[in-house]
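Undergrad: Have a look at this prediction, sequence included:
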Amino acid sequence: VAIVDEIRIKPGAKVKADTVILTLKNQKLESALQQSMATLHNRRTSKRKLYLEQQRELLSQESMLAEMKADAELATLEVEAHSSLVESGVISGMEAKRTKLKARQLSERLILEQERLIRLREVHQEDLAIQDESIVQAEAEFERAKDRLEQLVVKAGLTGVLQRLPVSLGQSVKVGDALATVG
């Protein structure tokens, strides 16, 4: 159901195929368009927010990884230093073994954290792809709502003369009602 909002041309006027004859108004369709526009905006905003959160998470992970790498390198240097100190008897063999174990554990953790960073990037990509799909869906809903609203603009359809206009301003019309006749 729509209401005749504006009559632009009177019967007897010459029209072209794209000449607007009258416009209708439908509050539900206008509300649907506004709602779909808001949904689209929200989804785009959500994606930007997610992207920023992901960047923050990646920076944190990369920072931790850099720290861990430095610790692993330091532990490797301690192992090298301790090996010569064990030979000269300055430190015990047990202390050297502890240092070696610590260095190996740090190296293994570093490898795991590097793999974790790779997986984190993959997860982030998938999250963004899901957001993109959601945005595409919202864009389609917006386009459908816009198309339905554009259908409230009644155009001539062919070149000729407007012969009949059986509606008046403010009149309520339904789908299928005759609105104008062009001959």
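TA: Alright, I've got the coordinates. Numbers count the residues shown, from 1 in each chain.
Undergrad: got a list of contacts for stretch 162-176?
TA: In this structure, residues lying in contact with stretch 162-176 by C-beta atoms under 8 Å, 6 or more residues apart in numbering are 1-7, 9-15, 21-22, 24, 156, 177-183. For every residue, glycine as well, the C-beta is placed using N, CA and C.
Undergrad: what about that stretch, average pLDDT?
TA: Rounded to a whole number, the mean pLDDT of stretch 162-176 is 91.
Undergrad: Report the buried members of the contacts of stretch 162-176.
TA: 2, 4, 7, 9, 15, 21-22, 24, 156, 179-180, 182 (16 or more other C-beta atoms under 10 Å).
Undergrad: Next, the contact list for Leu24, please.
TA: If a contact means C-beta under 8 Å, 6+ apart, then Leu24 has 2-5, 152-154, 173 as its contacts.
Undergrad: from those residues, which ones fall inside strands?
TA: Judged by DSSP state E, the contacts of Leu24 include 2-5, 153-154, 173 as members of strands.
Undergrad: top helix in this structure by residue count?
TA: What stands out as the longest helix in the chain, according to DSSP state H, is helix 27-87.
Undergrad: which other helices and strands contact that one?
TA: Applying 3 or more C-beta pairs under 8 Å, 6 or more residues apart in numbering; DSSP states H and E, one finds that helix 27-87 contacts helix 93-150.
Undergrad: Does anything pack onto the helix it packs on? Which helices or strands?
TA: If contacts are counted by 3+ C-beta pairs under 8 Å, 6+ apart, helix 93-150 sits against helix 27-87.
Undergrad: now the angle from the helix it packs on to helix 93-150?
TA: Orientation note: helix 27-87 sits at an angle of 170 degrees relative to helix 93-150 (axes from the mean of the first three to the mean of the last three C-alpha atoms, to 10 degrees).
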